[in-house]
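S.K.: how would this look folded up:
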Amino acid sequence: MSRRKLRRKIFQWLFELEFRPDAIEEIKKKLDAEFLVGEDREFAIDIIEGVWSKKDEIDEIIKSHLKGWNFDRISPVEKSILRMGIYELCFYNNTPPRVAINEAVELSKLFGKDSSPEFINGLLGAVFRGNGV
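M.R.: Model prediction:
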């Protein structure tokens, strides 16, 4: 499976966790139902578990980069995309920063509002520049 398709699935699982935070083990079982094996399975687990274990830290990063915007006004779709993008930018060393940002923007085009791609790109760009990643 391409990484882009896999990220789409990972985003959907992270979005589900937004509403069902206790479902992490159930979501890991869905990896098996999707027949994910090898590197694809490892990548999916790394991202899902990583985002979820660092959720509070990632949310603080988001909040620290918001200008004139309240964290609670960010849609669950955008939060899930931002969390995944920030995790890949700041904590997961195997994704080049430009790829992490681009993939997040592409997800926002598919699942977000019309203004989501610009918002996602701007915030992730600020995180990238601010962290010296």
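S.K.: how about low-confidence regions in the chain?
M.R.: 131-133 (pLDDT under 70).
S.K.: ok, 80 please
M.R.: Within the chain, the stretches with pLDDT under 80 are 1, 28, 30-37, 131-133.
S.K.: and the gap between the most centrally placed residue in the chain and A44?
M.R.: The geometric centre of the chain, computed from its C-alpha atoms, lies nearest to M84 (CA atoms, centre = their mean), at 1.5 Å. Distance, M84 to A44, using CB to CB, to the nearest Å: 11 Å. From N, CA and C alone the C-beta is placed, and that goes for glycine too.
S.K.: what do the two both touch?
M.R.: I10 (CB atoms under 8 Å, 6 or more residues apart in numbering).
S.K.: now for the helix or strand harbouring the residue nearest to the centre of the chain, which elements pack on it?
M.R.: Secondary structure assignment for M84, by DSSP states H and E: helix 76-90. In terms of contacts (3 or more CB pairs under 8 Å, 6 or more residues apart in numbering; DSSP states H and E), helix 76-90 is packed against helix 3-19, helix 38-53, helix 55-64, helix 97-111, helix 116-131.
S.K.: what's the closest of these to F91?
M.R.: Smallest distance to F91 across those (CB to CB): 6.0 Å, for helix 38-53.
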